[in-house]
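[1] give the three-dimensional model of this entry:
(one chain, ligands or ions: 2)
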Amino acid sequence: MADSLLTLENFHVAYPGQLDWAVQAVSLKLAPGEKLGLVGESGCGKSTLGRAALRLLPATARLDGQVHFEGQPVLEFSPQRLRQFRGEAIALVFQDPMTRLDPLMTIGDHCIETLQAHRPGLSKAEAKERSLHVLSKVNIPANRFNQYPHEFSGGMRQRVAIALAMLLEPKLIVADEPTTSLDVTVSAQILAELTRLCEENNTALILISHDLALVAEQCDRVAVMYQGALVEEGPAQSVLFDPQHPYTQSLVESALHLQRSNARVASVEPPQPLLRLPDLTTH
Ligand SMILES: Nc1ncnc2c1ncn2[C@@H]1O[C@H](COP(=O)(O)OP(=O)(O)O)[C@@H](O)[C@H]1O
Ligand SMILES: [Mg+2]
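    Numbering: from 1, shown residues only. Ligands and ions are numbered 1, 2, ... in the order given. Sure, this is the predicted structure:
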């Protein structure tokens, strides 16, 4: 237990008024600095698990089992301890960064406000210096500091959201489909930046995604969820290349199928669209 950052034991979650568990009997361990991918189809319970373990669901949700963060029982935290835990120990990055960004506040003010809320001893000048430093780590130049969220592209907003998560040097970041709404190239760049930053700071990462291949590339370990339960968990490469559970095997199969058809589209693209002949290779 000593080298575990987050431990879930027989963890169950049900939404208010629901008899069925949305997440059931999940046991999982995350070491400091470890990157864990959490995958599975839409509705299988990934977001519910991520939020419930961080106590971010409404208080009326039913939680059962054990969650420990650095050996301390998260499900028993007082409101005060919980506030500190959410601000400093952990951070969340969502699919849509606008849920985190206030359209009426500049990017700089977002950063400074976050820092000053949790580090009251920090002067405004110090907060600005730290903010510029972290923003530069996600490739947001200093001349963007006084701009508003609407002046940023989707990819840059997500970079800002990552910077905001990194500002307080949390021990764990939960990134829930952080790049799903971005195009493939930008998505890959941002995920690479996120994982590199986590490595630099020894921040653990739970990367939630429906995309097994992408997660396996970025993470040390992968956990696969199906209908609220964890069906498989192991080193990223073994889960990808030697999946044991039939559900994981079908995920791998569809990921490979997608890759194959993408490769085919790229290789049959003719230079002169007007001369395109019927493409027999795809039928
Ligand atoms: N606020 C909610 N109230 C009731 N049920 C919910 C709520 N949010 C999600 N669920 C249900 O919980 C299950 C898991 O959802 P979710 O964790 O969002 O899945 P995923 O993130 O894997 O797509 C689904 O059956 C979903 O319908
Ligand atoms: Mg989700």
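
[2] only C-alpha atoms from now on, for both contacts and neighbour counts.
    Noted.

[3] from the stretch 101-250 of the chain, which residue is nearest to ligand 1?
    residue 228 (6.8 Å; CA to the nearest ligand atom).

[4] what's the neighbour count on that residue?
    22 (other CA atoms under 10 Å).

[5] contact partners for it?
    Going by CA atoms under 8 Å, 6 or more residues apart in numbering, residue 228 touches 21-24, 44-46.

[6] and it, how far is that from residue 133?
    Per CA to CA, to the nearest Å, residue 228 is found 40 Å from residue 133.

[7] next one: residue 167
    Separation of residue 167 from residue 133 (CA to CA): 9 Å.

[8] so those two - more neighbours on which side?
    Comparing residue 167 with residue 133 by neighbour count (other CA under 10 Å), the higher total belongs to residue 167, at 21 against 17.

[9] tell me the contacts of the residue nearest to residue 87 when sequence neighbours are not counted?
    Among residues not flanking residue 87 along the chain, residue 118 sits closest, at 7.0 Å (CA to CA, 6 or more residues apart in numbering). Residues in contact with residue 118 (CA under 8 Å, 6+ apart) are 87-88, 168.

[10] one more time with 10 Å
    With contact set as CA atoms under 10 Å, 6 or more residues apart in numbering, residue 118 has these partners: 83-84, 87-88, 168.

[11] try residue 102
    109-110, 148-150.

[12] thinking again about what came up before, of the contacts of residue 118, keep whichever come out buried.
    87-88, 168 (16 or more other CA atoms under 10 Å).

[13] who wins for neighbours among the contacts of residue 228?
    That'd be residue 46 among the contacts of residue 228, by other CA under 10 Å, with 29 neighbours.

[14] what score does that residue have for pLDDT?
    For residue 46, the model assigns a pLDDT of 97.

[15] that one and residue 168: what is the separation?
    Residue 46 is 25 Å from residue 168, where distance means CA to CA.

[16] what residues does this protein have near ligand 1?
    15, 22, 42-48 (CA under 6 Å from any ligand atom).

[17] quick revisit: helices - which of the contacts of residue 118 land there?
    Using DSSP state H, 83-84 are the members of the contacts of residue 118 that sit in helices.

[18] CSV for the contacts of residue 118, including distance to residue 99 and pLDDT?
    Listed next are the contacts of residue 118 as CSV, based on distance: CA to CA, whole Å; pLDDT from 0 to 100:
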residue, distance to residue 99, pLDDT
83, 19, 88
84, 21, 87
87, 17, 82
88, 19, 83
168, 19, 92
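
[19] what's the local residue count around the residue nearest to residue 147 when sequence neighbours are not counted?
    Residue nearest to residue 147 in three dimensions, not counting chain neighbours: residue 106, with 5.1 Å by CA to CA, 6+ apart. Number of residues near residue 106 (other CA under 10 Å) recorded here: 19.

[20] from residue 95, how far out is residue 106?
    Separation of residue 106 from residue 95 (CA to CA): 20 Å.
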